[in-house]
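Asks: sharing a model prediction with you, sequence too.
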Amino acid sequence: MYEAIQVVHSYWAYLVVLVVTLATINALIGFFSKREYAPKDFRISLFGLIVTHLQLLIGIIIFFVSPSIMWFTEGVSVKDIMGDPLLRLYNLEHPMMMIAMVVFITIGYSKHKKKLTSTPKFKMLAIFYTIAWLLMLSRIPWANWF
């Protein structure tokens with residue numbers, strides 16, 4: 001079961017990176033070009049929200065079934081986890097940064113819906129999606145991707 005979930009999480013991650021990058025670029029271009037907010041902009045940001053939330057759910061399942069997660073292993077101390085860069089990445093850094101990324105995307109999406117004109121809508125999306133994009137890229141386990 002773990003292997004199947006891991007494969008889904010890994011391949012879905014490519015979609016997440018692609019969609020969040022697209023949504024971030026779209027928001028930045030929309031803000032700096034001062035163009036009108038259109039239904040396609042809404043769909044792009046919504047799709048970014050959806051794919052990240054689905055990835056978070058898959059990631060939560062992996063957190064509890066992965067052999068790489070040592071929090072629940074008897075005899076493994078926090079000192080051991082924090083002392084090993086790879087264990088720290090999988091047990092702390094990656095999960096926390098991805099949760100923060102989803103939080104920023106959710107906040108940005110929610111705030112942009114409350115704005116009535118195009119420039120503030122794009123501004124909210126650009127700020128929050130860019131922060132989320134940077135957080136996401138900072139803690140992807142790149143060594144496993146290539």
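Replies: Noted; the coordinates are in hand. None of the values given here were measured: they were computed from a predicted structure. Numbers count the residues shown, from 1 in each chain.

Asks: which strands or helices does the host helix or strand of residue 63 pack on?
Replies: Using DSSP states H and E, residue 63 sits within helix 39-65. Secondary-structure packing of helix 39-65 (3 or more CB pairs under 8 Å, 6 or more residues apart in numbering; DSSP states H and E): helix 2-33, helix 94-114, helix 118-138. Quick note: C-beta positions are derived from backbone N, CA and C, even for glycine.

Asks: could you rerun that using 6 Å?
Replies: helix 2-33, helix 94-114 (3 or more CB pairs under 6 Å, 6 or more residues apart in numbering; DSSP states H and E).

Asks: and the angle from that helix to helix 2-33?
Replies: Angle, helix 39-65 to helix 2-33, by axes from the mean of the first three to the mean of the last three CA atoms, to 10 degrees: 150 degrees.

Asks: related to what we said a few turns ago, comparing the helices and strands packed on helix 39-65, which comes out most buried?
Replies: Ranked by mean neighbour count, those are led by helix 94-114 with a mean of 18 (mean count of other CB atoms under 10 Å).

Asks: contacts for the helix or strand bottoming out on mean pLDDT in the chain, please.
Replies: Ranking every helix and strand in the chain by mean pLDDT, DSSP states H and E puts helix 142-145 at the bottom, with a mean of 75. Contacting residues not belonging to helix 142-145 are not present [CB atoms under 6 Å, 6 or more residues apart in numbering].

Asks: C-alpha coordinates for that helix, PDB please?
Replies: Only the C-alpha atoms of helix 142-145 are listed here, as PDB (Å, rounded to 0.1, in the frame of the first residue of the first chain):
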ATOM      1  CA  TRP A 142      15.200  17.200  -5.400                       C
ATOM      2  CA  ALA A 143      17.500  14.200  -5.100                       C
ATOM      3  CA  ASN A 144      14.600  11.800  -5.400                       C
ATOM      4  CA  TRP A 145      13.100  13.700  -8.400                       C
END
